[in-house]
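Enquirer: got a predicted structure here, sequence first:
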Amino acid sequence: MGTSRTKKQRSHADDRPGIWVGYGKLVKLFRNRAGLTQEAFAEVVGYSYEQVASIEQGRRPAKAMFTERAELALNAQGALAVLQDDVDLAKLPLFFQDFALIEAEAISRMCYEPLLIPGLLQTEGYARALFSAHCPPLSEEMIEQHTEARLSRQKLLTRTPMVETCFIIGETALMSMAGTPQVVRGQLQHLLKQGEMRNVEIQVMPADRGFHPGLNGPMVLMETLEHRHVGYIESQGVGLVITDAAQVSGFSLRYGKLRTQALNAEESAQLIESLAGEA
């Protein structure tokens, strides 16, 4: 019985991302050097004792606010802050992490999403509603982690140097009741605000367009710092980064046609504003 329980504990521990474990060990090292107990440290950074213990054990990822406060309290001199991006990355599903690394350094990013609001444009309420509807169901902790990770990725839109982005969204996605009417209305209003950014263009593909190259599903096209072009497709929790030049070229051709068939940015904003008023 004891051996079986130990194996389960080890299995659970092995599920912890290595970066969370390493970050936690550093926090514990600096805390001990500062002569603070977990309880005293928790009080200083404004977190509960249980939260601090979970972070030190690598069972819970540290949020940016925790890292900022820990840096000051423990005089970590940037040792914790430099790990924050990697801690956030490990919140993402494994299949998505390779894409996220490329995305974080892209100089341009274009996507087509027929059924959902693109992750980079989602509000917290909308993202949380999507993760809450996941099948099989996610734990509350996993919903929280995935939501935080998705919102963290949105720094891409405001970083320097600017990333040129284009989002083509299916009209069906705008009309989908993901969450309460208040969540939907807030999401549509958020799209209007994001569309005002200089590096963000939002186009809507009307539901009555009939056949168009996007009917095969969503896609993302990115250009890297080295000016390589990369594609990405995802369905049913499985993602694939595509680097083959011929395949990526085909994506680019289809995306170009989608842009000509979708409403332009001004027409799209008018449609989104109209739907927001009806939500």
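Expert: Perfect, thanks for sending it.
Enquirer: C-alpha from now on. contacts and neighbour counts both.
Expert: Noted.
Enquirer: need the helices for the stretch 101-250 of the chain, in chain order.
Expert: Ranges of helices within the stretch 101-250 of the chain are 124-132, 140-153, 171-175, 181-194, 245-261, based on DSSP state H, counting those that start in this stretch.
Enquirer: out of those, which gets nearest to Asp86?
Expert: Asp86 lies closest to helix 140-153 among the helices of the stretch 101-250 of the chain, at 10.9 Å (Cα to Cα).
Enquirer: just the angle between the closest one and helix 124-132, please?
Expert: Using axes from the mean of the first three to the mean of the last three Cα atoms, to 10 degrees, the direction of helix 140-153 lies 130 degrees away from that of helix 124-132.
Enquirer: begin at 144 from now on, thanks
Expert: Happy to do that; since the first residue is 144 now, the last one works out to helix 283-296.
Enquirer: so what's Val164 up against?
Expert: Residues in contact with Val164, defined by Cα atoms under 8 Å, 6 or more residues apart in numbering, are Glu199, Gln200, Gly201, Arg202.
Enquirer: low-confidence stretches in the protein?
Expert: 144-157 (pLDDT under 70).
Enquirer: per-domain residue ranges of it.
Expert: What automatic domain parsing lists as the domains of the chain is 145-231, 236-421.
Enquirer: how far off centre is the last one?
Expert: Read it as domain 236-421. When C-alpha coordinates are averaged (Cα atoms, centre = their mean, to the nearest Å), domain 236-421 and its chain have centres 11 Å apart.
Enquirer: mind checking the end-to-end distance for that domain?
Expert: 35 Å (Cα to Cα, to the nearest Å).
Enquirer: could you pull out the buried residues of stretch 349-357?
Expert: Pro349, Gly357 (16 or more other Cα atoms under 10 Å).
Enquirer: so what touches it?
Expert: Residues from elsewhere that reach stretch 349-357 (Cα under 8 Å, 6+ apart): Tyr255, Pro257, Gly313, Glu314, Thr315, Arg397, Tyr398, Lys400, Leu401, Gln404, Ala405, Leu406.
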